[in-house]
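> predicted model and sequence follow; I will ask about them next.
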Amino acid sequence: MTEIKTDKNYQSRMDNLINIMKNSGFLNNSRVESAIRKTPRHEFVPMSLQEKAYDDMPIPIMNNQTVSQPSVVSRMTEWLDVMEGQKILEIGSGSGWQSAILSYLVGRGKIYSIERHSELVDFAKKNLDKLGINNVKVTLGDGGLGLPKESPFDRIIITAACREIPQSLFEQLSINGLLVAPVGEFTQSLVLIKKTSQGVVEIKNESGYVFVPLLGKFDCEKY
Ligand code: SAM
């Protein structure tokens, strides 16, 4: 049993975080709120940082990567408008926290998550196992290439900064599917894209985000 699990204040810390996200306008949807409440963030961060798990901040994990800031995870999850039974591709598994939230939203649907660091693949799998989540498949690989064999996906979420959204991911999105990603080199705009039979349409764009970079074939530095 982890330290914070024994802390009676865990629920009140979660309540506090939820209130912060609601008051700042980053959490508005009751389904997303309930998925976040079911997903104890302290189970997805290193033991030494569990005390910080309910701060609205990114938290460092292995390989110089982070678990994203809760309000940003909430914003991206709300924009994705996830429905029961959907198939979702996540690029950047990290700790598995975002995958876990999505897993509750799809119910009997499925999450495919790709991570480029094997240590983080193991970390995410272990964290998801602890919560008994069995509809997330975490794979080692370059997420910029997607998972053509499992496509098309109803939703795609990229959790690392890309200068451009990799074309292969548009190809793997179903018609009427939604894709959310932070786009930009040093700071990013969060963009929400819809694929229609006529092409892709930008639905939302909000500046002022900072993510770790998407590396691999679509590494910003290679442009
Ligand atoms: N979603 C994660 C969570 O809930 O903990 C946080 C993701 S973290 C901000 C971004 C992740 O993207 C890192 O774990 C990083 O290793 C991963 N990443 C970066 N480039 C990648 C690529 N080309 N393919 C797969 N994962 C990648």
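That came through, no problem.

> where in this protein is pLDDT low?
The chain contains residues with pLDDT under 70 at 1-9, 219-223.

> now the helices: where do they sit in it?
In the chain, helices defined by DSSP state H lie at 10-23, 30-37, 70-80, 97-106, 118-130, 167-171, listed in chain order.

> looking at those helices, which is buried most?
Neighbour counts (mean count of other Cβ atoms under 10 Å) averaged over each of the helices of the chain peak at helix 97-106, with a mean of 25. For glycine as for every other residue, the C-beta is placed from the backbone atoms N, C-alpha and C.

> against which helices or strands is that one packed?
helix 30-37, helix 70-80, strand 87-91, strand 110-115, helix 118-130, strand 136-140 (3 or more Cβ pairs under 8 Å, 6 or more residues apart in numbering; DSSP states H and E).

> between that helix and helix 118-130, how many degrees?
Angle of helix 97-106 versus helix 118-130, following axes from the mean of the first three to the mean of the last three Cα atoms, to 10 degrees, is 40 degrees.

> centre of the chain to helix 97-106, how far?
8 Å (Cα atoms, centre = their mean, to the nearest Å).

> just stretch 136-146 next, same as before
Using Cα atoms, centre = their mean, the mean C-alpha position of stretch 136-146 is found 13 Å from that of the whole chain.

> same check on stretch 62-82?
Here the centre of stretch 62-82 is set off from its chain's centre by 4 Å, with Cα atoms, centre = their mean.

> does that stretch reach the ligand?
Yes. Shown here: stretch 62-82 in contact with the ligand (Cβ under 6 Å from any ligand atom) through 65-68.

> send the alpha carbons of stretch 127-136 over as CSV?
What follows is stretch 127-136 as a C-alpha-only set of coordinates in CSV (Å, rounded to 0.1, in the frame of the first residue of the first chain):
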residue,chain,number,x,y,z
ASN,A,127,0.2,1.7,-12.8
LEU,A,128,-2.8,0.6,-15.0
ASP,A,129,-2.6,-2.9,-13.6
LYS,A,130,-2.7,-1.6,-10.0
LEU,A,131,-6.1,-0.1,-10.8
GLY,A,132,-7.3,-3.3,-12.6
ILE,A,133,-7.7,-1.4,-15.9
ASN,A,134,-7.7,-3.9,-18.7
ASN,A,135,-8.9,-2.0,-21.8
VAL,A,136,-5.6,-0.1,-22.4
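
> list of residues touching it?
With Cβ atoms under 8 Å, 6 or more residues apart in numbering as the contact definition, stretch 127-136 has outside contacts at 39-40, 43-44, 95-97, 99-100, 102-103, 106, 108-113, 138.
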